[in-house]
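# Kindly generate the corresponding structure for this input.
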Amino acid sequence: MLFMGLMSLGRPDDYGRMSDEELLGRVAVGDQEAFRQLYQNTDRTIYSFILSIVRHPQDAEEIMQEVYLKIWTSASGYKSQGKPLAWMFTIARNLCYMKFREQKHDSDVTLEDLTGAETGEVCPEIEMAADKMVLLAALQILKEEEREIVLLHTSGGMKHREIAASLKIPLATALSRYNRAMKKLENYLREE
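Next comes the predicted model:
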């Protein structure tokens, strides 16, 4: 397994001081130590994000391996935007929805709403999520239907009208669940 082999390598101090952006640049030229450090810097965050979408630890672990394999093979296509984690989230999100399609699950977001992991496009909603990772931990306190709406709106970039149509619920219900979820999150984050 690629990741276990990389974990056993020594860790030069200079890699620990590099930003994720710099590490990703080094990964693009095949630097395994930079990849190992990038993995160590981001693995928990990426896993939490994936788990918040797929809700099954086994699926999340499988997708996480695919995400890092994709990062390793596609790093040269990353266009520096100062937000490598957002780019990684885009890959993770796309692989999650590909998994839903493979398993013929009814996903909450249509495939047309997704940006391409192959192109390296980063949507602004994912960039915002990268800056607010504490929100992912807080999402665990929400009911499933509330979490769906929050993720579709914030990570998927869908409008409330589109969410209501996708979930086949009235717009007022979608708005009510979203507002209730946001109040729960606000209270949770205030306490933390």
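
# And the protein, what are its domain boundaries?
Listed by automatic domain parsing, the domain ranges of the chain are 1-123, 132-192.

# Make CSV from the ones you listed and add mean pLDDT and mean neighbour count to it.
Bear in mind the C-beta positions are built from the backbone N, C-alpha and C, glycine included. Converted to CSV, these look like this (pLDDT from 0 to 100; neighbours: other CB atoms under 10 Å):
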stretch, mean pLDDT, mean neighbour count
domain 1-123, 78, 17
domain 132-192, 79, 16
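
# after the longest helix belonging to the chain comes which helix or strand?
Using DSSP state H to define each element, the chain has its longest helix at helix 32-54. Elements were assigned by DSSP states H and E; along the chain past helix 32-54, the next helix or strand is helix 57-74.

# mind listing the helices for this structure?
Going by DSSP H, the chain shows helices at 2-7, 13-16, 20-27, 32-54, 57-74, 84-102, 124-131, 134-138, 144-154, 160-167, 171-191.

# how far out from the middle of the chain is the last one?
So that's helix 171-191. Here the centre of helix 171-191 is set off from its chain's centre by 21 Å, with CA atoms, centre = their mean, to the nearest Å.

# How about the shortest one?
On the basis of CA atoms, centre = their mean, helix 13-16 is displaced by 25 Å from the centre of the chain it belongs to.

# go on, the longest one?
From the chain centre to the centre of helix 32-54 is a distance of 9 Å (CA atoms, centre = their mean).

# Against which helices or strands is it packed?
helix 2-7, helix 13-16, helix 20-27, helix 57-74, helix 84-102, helix 134-138, helix 144-154 (3 or more CB pairs under 8 Å, 6 or more residues apart in numbering; DSSP states H and E).

# Could you check how far Lys168 is from Glu33?
Look at Lys168 and Glu33: by CB to CB, to the nearest Å, they are 49 Å apart.

# now swap in Asp14 and tell me
According to CB to CB, Asp14 and Glu33 sit 10 Å apart.

# and if you look at Gln140?
Gln140 sits 33 Å away from Glu33, going by CB to CB.

# so who does Ile163 touch?
Applying CB atoms under 8 Å, 6 or more residues apart in numbering to Ile163 gives the contacts Ile149, Leu152, His153, Ala174, Tyr178.

# and the helices and strands packed on helix 32-54 as JSON lines, adding distance to Gln40?
Putting these into JSON lines (distance: least, CB to CB, whole Å) gives the following:
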{"stretch": "helix 2-7", "distance to Gln40": "8"}
{"stretch": "helix 13-16", "distance to Gln40": "9"}
{"stretch": "helix 20-27", "distance to Gln40": "10"}
{"stretch": "helix 57-74", "distance to Gln40": "11"}
{"stretch": "helix 84-102", "distance to Gln40": "14"}
{"stretch": "helix 134-138", "distance to Gln40": "19"}
{"stretch": "helix 144-154", "distance to Gln40": "26"}
